[in-house]
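Q: Quick one: sequence and predicted model below, then my questions.
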Amino acid sequence: MAKVIGTVVVDRERCKGCDLCVVACPCDVLSLAAKDVNDRGYHYAMMVNPEACIGCAACATVCPDACIEVYRLTQK
């Protein structure tokens, strides 16, 4: 059976740290940056557990600012 590996790319400057993507992720891949902020002063979303990402795109679906892109790679 093929294994799906996903990765999440967040546009840090557009992210307003609403935390919706963190809550929507079923694999606990995302978290808000604890200390870092973007140019607008928001704590942005970032991958903290990248090996757990399955590429489901739940985070991108709930993002109100459309600043998340999800890529999927299938390994045989």
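A: Yep, it's here.

Q: now Cys56: how far from Cys25?
A: Taking C-beta to C-beta, to the nearest Å as the measure, Cys56 falls 8 Å from Cys25. The way it works is simple: take the backbone N, C-alpha and C, and place the C-beta from them, glycine included.

Q: More neighbours: which of these two?
A: Between Cys56 and Cys25, Cys25 has the larger neighbour count (other C-beta atoms under 10 Å), namely 22 against 17.

Q: my read: Ala24 touches Ala58, true?
A: Yes: if you go by C-beta atoms under 8 Å, Ala24 and Ala58 touch, sitting 4.5 Å apart.

Q: Those two - which one has more neighbours?
A: Set side by side, Ala24 and Ala58 show more neighbours around Ala58, with 20 against 16, by other C-beta under 10 Å.

Q: Just read off the phi/psi values of that one.
A: Torsion angles at Ala58 (phi, psi; degrees, to the nearest 10) stand at phi -60, psi -40.
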